[in-house]
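Engineer: Fold the following and give me the result.
(chains A and B)
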Number of protein chains: 2
Amino acid sequence: MVFSALNELGDSIIAWADPDSAFGGYTKGWPLTDFASAISIAIAYFLFVVIGSRVMEKRDPIDPYPIKFLYNVSQIMLCAYMTIEAILLAYRSGYSVIPCNPYSQENPPLARLLWLFYVSKVWDFWDTIFIVLGKKWRQLSFLHVYHHLTIFMFYWLNANVLYDSDIFLTIALNGFIHTVMYTYYFICMHTKDTKTGKSLPIWWKSYLTLLQLIQFVTMMSQGTYLFTSGCDQLSVPIAKVYVGYIFSLFLLFLQFYIQSYMKPKKKKVT
Amino acid sequence: MVFSALNELGDSIIAWADPDSAFGGYTKGWPLTDFASAISIAIAYFLFVVIGSRVMEKRDPIDPYPIKFLYNVSQIMLCAYMTIEAILLAYRSGYSVIPCNPYSQENPPLARLLWLFYVSKVWDFWDTIFIVLGKKWRQLSFLHVYHHLTIFMFYWLNANVLYDSDIFLTIALNGFIHTVMYTYYFICMHTKDTKTGKSLPIWWKSYLTLLQLIQFVTMMSQGTYLFTSGCDQLSVPIAKVYVGYIFSLFLLFLQFYIQSYMKPKKKKVT
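Structural biologist: Predicted coordinates:
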């Protein structure tokens, strides 16, 4: 009952993005592509953040080291796979970096990978679980929760409506950044001196955020070019929302970059 | 002239491995699949080791940090890609871990990936270049050179004759171990304390060699099962040589494992 009402809502979102049903259908029935599943996961995630932090407030922090360890390895491998596969699929399909590559509704070479990319955004939720369990409240920022939640919902839409063509660039760029990011996290698990308890600095930490900013600019350029060049091979409403949405992420990450790396650091009073 | 003579030699190796021409042909003409190219690369590699170490003996060690840095990232990504792609291709082709999966000579789902795996063995040669430039003679062992050289030549044969079916397991296993190995190398680039100059220990270092040993045992079991179970879908001569060859690697790695982790360490005289 509730599920079918939710799926109706999902159908109207899809109809808005793709009024002529020109860009969807192929992935119908694939796991987690229905709106009811997606929004349930999103709500469960949000409730976990709210309730989980309440519960943890009164408890000792938990550090599930073995799970974190394997999780980082799994993410490094998965993200590296998606990056290279996106590039190879684009190459084999004769795509260029310039937008308006041919879109295939019925036989989309990218659909399977895009679906995996979408589902990998659920796997990313472990980041938040570790933060809440470890009581690292400083990391549980608006940026963090907003980013995880909205990326997931945005790719629910993509998995339903725009599962081919230019979207390969997003997977390649984002997959690459995530590979580097999880490699960074994994390295951090090895740089703590057991005697002094101090972590060694990693010189390229700030470059990671910089890479993310460059990624967003590239994505926005691609999206803007798409709907200004008169390309009608792809869903224009989605391209527009995509650019606006990526811009919101760009601003939040820029704010983070400035706060973390450009403001003079307060010296500790000794 | 020399090249065609070499290629004739290559053809007779292929004819030995596949007398009925039942397992080859699809990859003919692909880059580096001819014997002349492969053996030239192998000889160049060997000459580099011999001449390179002579040249470096009288010079200061060189540490090409930026190249090493990017190289490790490239290997982590490439190996992770090959691992996951091998598993996905096997899954989509309906393969099982038990040997004697159907072999396709004309339309082999695995051929392209196997070719990439073969070529990636050239990319592995950078390991040796870094060792010679850095004058880390202790690492320039017989095991190291033998391993790099023979693996490359063995997969030249596979790229020509046995490019489908059960070989997926080798790519998945070896790709995974190499992902972990290059991640280990990359982590090591971040664990040196700039003040004390000491590297932090990585607790799972010895497990890496153990993983490699388990990998070899799995490979030998698969190969042995193949030619004892009466499977005629695959080249039996190659399977036999494969098991013998992997056994030689197993012994060398076992020796390394015992020497490195099981012998009592000599205490430094203080």
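
Engineer: For the stretch 1-150 of chain A, which residues are neighbours of chain B?
Structural biologist: A:V73, A:I76, A:M77, A:L78, A:A80, A:Y81, A:T83, A:I84, A:E85 (CB under 8 Å from any CB of the partner chain). The C-beta positions use only the backbone N, C-alpha and C, and glycine is treated the same way.

Engineer: residues in contact with the fourth one?
Structural biologist: Taking CB atoms under 8 Å, 6 or more residues apart in numbering or on different chains as the criterion, A:L78 is in contact with A:S120, A:W123, B:A80, B:I84.

Engineer: Next, the angle helix B:65-92 makes with the helix of greatest length in chain A.
Structural biologist: Using DSSP state H to define each element, chain A has its longest helix at helix A:65-92. With axes from the mean of the first three to the mean of the last three CA atoms, to 10 degrees defining the directions, helix A:65-92 sits at 80 degrees from helix B:65-92.

Engineer: and after helix A:65-92, which helix or strand comes next?
Structural biologist: Next along the chain after helix A:65-92, taking DSSP states H and E as the criterion, comes helix A:111-123.

Engineer: what comes into contact with that following helix?
Structural biologist: Residues from elsewhere that reach helix A:111-123 (CB under 8 Å, 6+ apart): A:26-27, A:30-33, A:41, A:74-75, A:78-79, A:82, A:85-86, A:89, A:148, A:151-152, A:155-156, A:158-159, A:163-164, A:167-168, A:171, A:174-175.

Engineer: Specify which member of the contacts of A:L78 is nearest to B:Y257.
Structural biologist: The nearest member of those to B:Y257, counting by CB to CB, is B:A80 at 24.6 Å.

Engineer: And the strands in chain A?
Structural biologist: Applying DSSP state E to chain A gives no strands.

Engineer: pLDDT below threshold where in it?
Structural biologist: Across chain A, residues meeting the criterion (pLDDT under 70) sit at A:265-270.

Engineer: Kindly recompute the last result at 90.
Structural biologist: A:1-3, A:193-199, A:227, A:230-238, A:262-270 (pLDDT under 90).

Engineer: Can you tell me the centre-most residue of it?
Structural biologist: A:I151 (4.8 Å; CA atoms, centre = their mean).

Engineer: which residue packs closest to it, ignoring adjacent ones?
Structural biologist: The spatial neighbour of A:I151 that comes closest, neighbours along the chain excluded (CB to CB, 6 or more residues apart in numbering or on different chains), is A:K121 at 5.5 Å.

Engineer: again, but for A:V217
Structural biologist: If the residues on either side of it in the chain are set aside, A:V217 comes closest to A:F250, at 7.1 Å by CB to CB, 6+ apart.

Engineer: Pull the contacting residues for the one you found.
Structural biologist: Counting by CB under 8 Å, 6+ apart, A:F250 has contacts A:L213, A:F216, A:V217, A:M220.

Engineer: Which of the residues you listed fall in helices?
Structural biologist: The helices, defined by DSSP H, take in A:L213, A:F216, A:V217, A:M220 from these.

Engineer: okay, now the residue lying closest to A:L110 once chain neighbours are set aside: neighbour count?
Structural biologist: Of all residues not flanking A:L110 in the chain, A:D164 sits nearest, at 4.7 Å (CB to CB, 6+ apart). By the criterion of other CB atoms under 10 Å in any protein chain shown, A:D164 has 27 neighbours.

Engineer: now swap in A:I84 and tell me
Structural biologist: Residue neighbour count, defined by other CB under 10 Å, stands at 22 for A:I84.

Engineer: ok so, going back, how big is the angle separating the longest helix of chain A from helix B:111-123?
Structural biologist: 110 degrees.

Engineer: Show me which residues of helix A:65-92 are buried.
Structural biologist: Within helix A:65-92, the residues scored as buried using 16 or more other CB atoms under 10 Å in any protein chain shown are A:68, A:71-73, A:75-90.

Engineer: swap in stretch A:118-126?
Structural biologist: Using 16+ other CB under 10 Å as the test for burial, stretch A:118-126 gives A:Y118, A:V119, A:S120, A:K121, A:V122, A:D124, A:F125, A:W126.

Engineer: Could you do stretch A:215-222 as well?
Structural biologist: A:Q215, A:F216, A:M219, A:M220, A:Q222.

Engineer: so which of those comes closest to B:K195?
Structural biologist: Nearest member of the buried residues of stretch A:215-222 to B:K195, counting by CB to CB, is A:Q215, at 34.4 Å.

Engineer: got a list of what the closest residue to that closest one other than its chain neighbours touches?
Structural biologist: Leaving aside its sequence neighbours, A:Q215 sits nearest to A:L173 (CB to CB, 6+ apart; 4.8 Å). A:L173 makes contact with A:Q215, A:T218, A:M219 under the criterion CB under 8 Å, 6+ apart.

Engineer: and the gap between the residue lying closest to the second one once chain neighbours are set aside and A:L251?
Structural biologist: The shortest distance from A:T218 to any non-neighbouring residue, by CB to CB, 6+ apart, is to A:L173 (6.2 Å). A:L173 sits 18 Å away from A:L251, going by CB to CB, to the nearest Å.

Engineer: Could you do A:K263 as well?
Structural biologist: Counting by CB to CB, the separation of A:K263 from A:L251 is 17 Å.

Engineer: Could I have the CA atoms of stretch A:117-125 written out in PDB?
Structural biologist: Output of stretch A:117-125 as PDB, limited to C-alpha atoms (Å, rounded to 0.1, in the frame of the first residue of the first chain):
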ATOM      1  CA  PHE A 117      27.700   2.700  -9.400                       C
ATOM      2  CA  TYR A 118      24.200   3.500  -8.000                       C
ATOM      3  CA  VAL A 119      24.300   0.500  -5.600                       C
ATOM      4  CA  SER A 120      27.900   1.400  -4.500                       C
ATOM      5  CA  LYS A 121      26.400   4.600  -3.100                       C
ATOM      6  CA  VAL A 122      24.700   2.400  -0.500                       C
ATOM      7  CA  TRP A 123      28.000   0.700   0.300                       C
ATOM      8  CA  ASP A 124      29.400   4.200   0.900                       C
ATOM      9  CA  PHE A 125      27.000   4.500   3.900                       C
END
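
Engineer: Work out the gap between it and the centre of the chain.
Structural biologist: Centre-to-centre, stretch A:117-125 and its host chain are 7 Å apart (CA atoms, centre = their mean, to the nearest Å).

Engineer: What is the nearest of the ones in helices among the contacts of A:F250 to chain B?
Structural biologist: A:L213 (19.4 Å; CB to the nearest CB).
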